[in-house]
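1. Based on what follows, work out the 3D shape:
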Amino acid sequence: MAMGNGSRVTEFILLSFSSLPTEIQALLFLAFLAIYLVTLLGNSLIILVTLADPILQSPMYFFLRNLSFIEIGFNLVIVPKMLGTLIAQDTSISFLGCAIQMYFFFFFGVAECFLLATMAYDRYVAICSPLHYPVIMNQGTRAKLAAASWFPGFPVATVQTTWLFSFPFCATNKVNHFFCDSPPVLRLVCADTARFEVYAIVGTILVVMIPCLLILCSYTRIAASILKIPSAKGKHKAFSTCSSHLLVVSLFYVSLSLTYFRPKSNNSPESKKLLSLSYTVVTPLLNPIIYSLRNNEMSAQNRQFETPINLEKKLEAFKSPSVLLHGEENRESKIEVKALFYKKLNQRVTLMGNVLIILVTTADSALQSPMYFFLRNLSFLEIGFNLVIVPKMLSTLILRDKTISFFGCATQMYFFFFFGAAECCLLATMAYDRYVAICDPLRYSVIMSRRSCAQLAAASWFAGFPVATVQTTWIFSFPFCGPNRVNHFFCDSPPVIALVCADTSLFELEALTATVLFILFPFLLILGSYVRILSTIFRMPSTEGKRKAFSTCSSHLLVVSLFYSTAILMYFRPRSNTSPEHKKVVSLSYTVVTPMLNPIIYSLRNNEVKAALKRVIGRTLSPRKL
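-> You can find the predicted model right below:
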């Protein structure tokens, strides 16, 4: 690099994730490569499907194609260079290359902001003025709206990039980021940048907040219109047409706002990298998944799943509470025998594993820290989950006893809600424990005293009582006067409420509120804890210290990912896009599979637990040897 008079810079150095150990960088490379390929494939598939199929020629899918083009552009601008810094350790980027990357980052970012606002307007017209929708959103209008969404990216990107790269650069050429974003590059300028920063703030507010306010206004009007619809089915259908867009908007704007609208003092380079990943890498990956999984018209393009079945088979499928595919009788019997074997094995492994965790963490003096105290509580919860769900499921397979009493169904649902809500809160408590241990280690023993741990555990367990009591009592106070066949393998709320012959809209609103409180709120607390934890880990000077700190929370992070990914897939998708059979499969993962995996994860990934287990076995066997 030639500095000359202080402005002749020929290249920059992207620090990227260089502070992490080489092994973690290799894992990040594999993860980002997989995300990159899936993002390109998913968005390309959205474009091809919406172009090829005549059913998907509405304005909504026209704008969705534009969004997919933008996401592909975002991905091509950011990810290839990031992969190069991780695998080839090629951290240098030329002056021109940095400017081009920043230009297209601004261009695609601004275009996405305005396109999301345009898509919100499209949903507003479709729901609030459906009779005029074909006239208002004609081909000419949609083309103009798309062009108007793409156009603002050009002036913003041109002014920002040209002005920034006209400054002299001196002192250092190291950009503390994984791509050339404005704030980290601006720090390398050795001139007065006050006017540019004022312009950048005003520009950011205009291109981020104005579309955001337009989206907010559109959805305020949409929500008001949906609430006026008389039928529950009409409300649900109207909401389902905009739920995917609303989820994409939330993902994009939350991460963008956290990155660019936080005070500098609270915004470390490492935390900014993490937040930037969400809208540059994760959101482009999730958009096609959200729009395909949550959209019946998109899913319906896969014609091999549209095999017609007669009424008799439909009724037979509704009668069966098992998770089995329907086929010939002999084939079905073989599948059920295998399912029975695996479920029996699963229950034994789950009970043995969690009981072993409880015994080992109680008996060994080295495992008396708060982390293992909460782990014992988690194992008790998993045993409860297993005993509530699996025994009845096994009896339906082996004894063909598919009946369950009214009281038995209510009891099963009550304890399912109780253990589920308690586990959500306990996982958040465990994340807080890891946060204190890593971010405030000197005060850990004071903050996480025995009394504090007992209070936190009690609060986690208590959270299950009110939600279970209200939900179960309310559901079973409704009249059931139609069919009595629950299309599930246990008494969960959605399949039971489907049998009610009364207006359940108020209950469904309460159930949605409770689900958000007891799933998303703890999840956000966990997310906040881990953002702070990762930020602290990145600031640690030694590689060994980083590895040790990360290893203390890796097991919990894996358990949280397993539990929440399936719970969110289960309870935050519109009913129209979730078949009963799909729900059964997803339910199996958090009611049967996760309780089995938790003790395996904590024992295999934790040296202290393995060492304690050896000591306990040694003490048990030593008297026999003597």
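
2. Check what pLDDT the closest residue to Asn484 other than its chain neighbours gets.
-> Closest residue in space to Asn484, ignoring its immediate chain neighbours: Leu499 at 6.7 Å, by CB to CB, 6 or more residues apart in numbering. From N, CA and C alone the C-beta is placed, and that goes for glycine too. On pLDDT, Leu499 comes in at 86.

3. Also Thr162?
-> Among the per-residue scores, Thr162 holds a pLDDT of 92.

4. I'd like the next helix or strand past the strand or helix carrying it.
-> Assigning secondary structure by DSSP states H and E places Thr162 in helix 153-164. Following the chain from helix 153-164 toward its C-terminal end, the next helix or strand by DSSP H and E is strand 174-175.

5. in its sheet, what does that next one sit against?
-> Looking at strand 174-175 with DSSP bridges, its paired strands and their directions are strand 11-14 (parallel).

6. Any buried residues in the strand it pairs with, and which?
-> Neighbour-count burial for strand 11-14, with 16 or more other CB atoms under 10 Å as criterion, is recorded at 12-14.

7. And stretch 157-176, by the same measure?
-> Buried residues in stretch 157-176, defined by neighbour count with 16+ other CB under 10 Å: 157, 160-161, 164-165, 167, 169-170, 173, 175-176.

8. Can you name the two of those residues that sit furthest apart?
-> For those, the farthest-apart pair by CB to CB is Ala157 and Cys170; their separation is 25.1 Å.

9. still on that earlier bit, that's a strand at the residue nearest to Asn484, yeah?
-> No: residue assignment for Leu499, taken from DSSP: H, G, I helix; E, B strand; the rest coil, gives coil, which places it outside any strand.

10. and the gap between it and Phe407?
-> 16 Å (CB to CB, to the nearest Å).

11. So which of these two has more stuff around it?
-> When Leu499 and Phe407 are compared for neighbours, Leu499 comes out ahead with 17 against 9, by other CB atoms under 10 Å.

12. Just list the residues touching the more buried one, thanks.
-> Neighbouring residues of Leu499 by CB atoms under 8 Å, 6 or more residues apart in numbering: 480, 482-486.

13. between those residues, which is closest to Thr193?
-> When the contacts of Leu499 are compared for distance to Thr193 (CB to CB), Val486 comes out closest, at 64.6 Å.

14. burial count for the closest residue to the closest one other than its chain neighbours?
-> Nearest non-adjacent residue to Val486, counting by CB to CB, 6+ apart: Pro495, 5.0 Å away. If you count neighbours by other CB under 10 Å, Pro495 ends up with 19.

15. For Pro495, give me the pLDDT.
-> For Pro495, the pLDDT comes out at 84.

16. Which elements pack onto the helix or strand Met430 falls within?
-> Here Met430 is covered by helix 406-439, with elements defined by DSSP H and E. Contacts defined by 3 or more CB pairs under 8 Å, 6 or more residues apart in numbering; DSSP states H and E place helix 406-439 against helix 370-398, helix 444-447, helix 450-462, helix 464-475, helix 493-497, helix 521-539, helix 543-571.

17. average model confidence for the fourth one?
-> Same thing as helix 464-475. On average, the pLDDT along helix 464-475 is 86.

18. for the second one, same thing?
-> Here helix 444-447 scores 88 as its mean pLDDT.

19. which helices and strands does that helix pack with?
-> In terms of contacts (3+ CB pairs under 8 Å, 6+ apart), helix 444-447 is packed against helix 406-439.

20. Is Leu427 in contact with Ile526, as I believe?
-> Yes: in this structure, Leu427 is within contact of Ile526 by CB atoms under 8 Å, at 6.3 Å.

21. can you list residues touching both of the two?
-> Taking CB under 8 Å, 6+ apart as the contact rule, the neighbours common to Leu427 and Ile526 are 560, 564.

22. if we can go back for a sec, for the helix holding Thr162, report the contacting residues that lie outside it.
-> Under the contact criterion CB under 8 Å, 6+ apart, helix 153-164 has outside partners 99, 102-104, 106-111, 182, 185-186, 189, 196, 199-200, 203, 207.

23. now it, how far from the centre of its chain.
-> Here the centre of mass of C-alpha atoms in helix 153-164, compared against the chain's by CA atoms, centre = their mean, to the nearest Å, lies 33 Å away.

24. Export only the CA atoms of it, formatted as PDB.
-> Output of helix 153-164 as PDB, limited to C-alpha atoms (Å, rounded to 0.1, in the frame of the first residue of the first chain):
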ATOM      1  CA  GLY A 153     -30.500   3.100  -4.600                       C
ATOM      2  CA  PHE A 154     -28.600   4.900  -7.400                       C
ATOM      3  CA  PRO A 155     -28.400   8.400  -6.100                       C
ATOM      4  CA  VAL A 156     -27.900   7.300  -2.500                       C
ATOM      5  CA  ALA A 157     -25.100   4.800  -3.400                       C
ATOM      6  CA  THR A 158     -23.400   7.300  -5.800                       C
ATOM      7  CA  VAL A 159     -23.300  10.200  -3.300                       C
ATOM      8  CA  GLN A 160     -22.400   8.100  -0.300                       C
ATOM      9  CA  THR A 161     -19.600   6.200  -2.000                       C
ATOM     10  CA  THR A 162     -18.100   9.000  -4.100                       C
ATOM     11  CA  TRP A 163     -18.100  11.400  -1.100                       C
ATOM     12  CA  LEU A 164     -16.600   8.900   1.300                       C
END
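
25. ok so, going back, export the buried residues of strand 11-14 to TSV and append columns for pLDDT and distance to Leu76.
-> Putting these into TSV (pLDDT from 0 to 100; distance: CB to CB, whole Å) gives the following:
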residue	pLDDT	distance to Leu76
Phe12	84	20
Ile13	85	22
Leu14	82	17
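
26. And these, which is closest to Leu51?
-> Checking the buried residues of strand 11-14 against Leu51 with CB to CB, the nearest one is Leu14 at 36.2 Å.

27. what's that closest one in contact with, if anything?
-> Leu14 makes contact with 81, 85, 91-93, 175, 177-180 under the criterion CB under 8 Å, 6+ apart.

28. go with 10 Å
-> By CB atoms under 10 Å, 6 or more residues apart in numbering, the residues touching Leu14 are 81-82, 84-85, 90-93, 98, 101, 174-180, 184.
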